[in-house]
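Asker: coords please:
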Amino acid sequence: RKTRPTAKAFRHFEAAAMCGHVKARYNLGCKEYKDGNCDLALQHVLMSAKLGHDISLSNVKKLFIAGLATKAYYAAALRG
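Answerer: Below is the predicted model:
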């Protein structure tokens, strides 16, 4: 049975992301997107894409295609 992460889990994701954990940064981006915070989600996913997370790069591309990210953001993600 799958359980939903708690607020405590997200605090741990935040702490890990601040220490440079790429997947934690990606997970924060996913959470923010689901919560409707597209701008903050983009920032998290962009950071993890720049650090080489392939799924994040794909998500930045999807946000660009959907008009939620600029060409400059997508180019920055591609450059890494």
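
Asker: use CA for all of it now, contacts and neighbours both
Answerer: OK.

Asker: Return the residues in contact with Leu68.
Answerer: Cys38 (Cα atoms under 8 Å, 6 or more residues apart in numbering).

Asker: again, 6 Å this time
Answerer: By Cα atoms under 6 Å, 6 or more residues apart in numbering, no residues touch Leu68.

Asker: same thing with Ala69?
Answerer: Ala69 touches Leu63, counting by Cα under 6 Å, 6+ apart.

Asker: where does it fall, helix, sheet strand or coil?
Answerer: Of the three states, Ala69 takes coil under DSSP: H, G, I helix; E, B strand; the rest coil.

Asker: And the pLDDT for it?
Answerer: Looking at Ala69, its pLDDT reads 92.

Asker: Can you tell me how far it is from Cys38?
Answerer: 9 Å (Cα to Cα, to the nearest Å).

Asker: ditto for Leu51
Answerer: With distances taken as Cα to Cα, Leu51 is found 20 Å from Cys38.

Asker: packing partners for the helix or strand of the chain with the lowest mean pLDDT?
Answerer: Least confident element among the helices and strands of the chain, by mean pLDDT, DSSP states H and E: helix 7-18 (a mean of 90). If you count contacts as 3 or more Cα pairs under 6 Å, 6 or more residues apart in numbering; DSSP states H and E, helix 7-18 packs onto helix 22-34.

Asker: For the helix it packs on, what is the distance to the chain centroid?
Answerer: 4 Å (Cα atoms, centre = their mean, to the nearest Å).

Asker: buried stuff in it?
Answerer: Val22, Lys23, Ala24, Arg25, Tyr26, Asn27, Leu28, Gly29, Cys30, Lys31, Glu32, Tyr33 (16 or more other Cα atoms under 10 Å).

Asker: got the angle for it vs helix 7-18?
Answerer: Put simply, helix 22-34 runs at 130 degrees to helix 7-18, going by axes from the mean of the first three to the mean of the last three Cα atoms, to 10 degrees.

Asker: Now helix 22-34: average pLDDT?
Answerer: Computed over helix 22-34, the average pLDDT equals 94.
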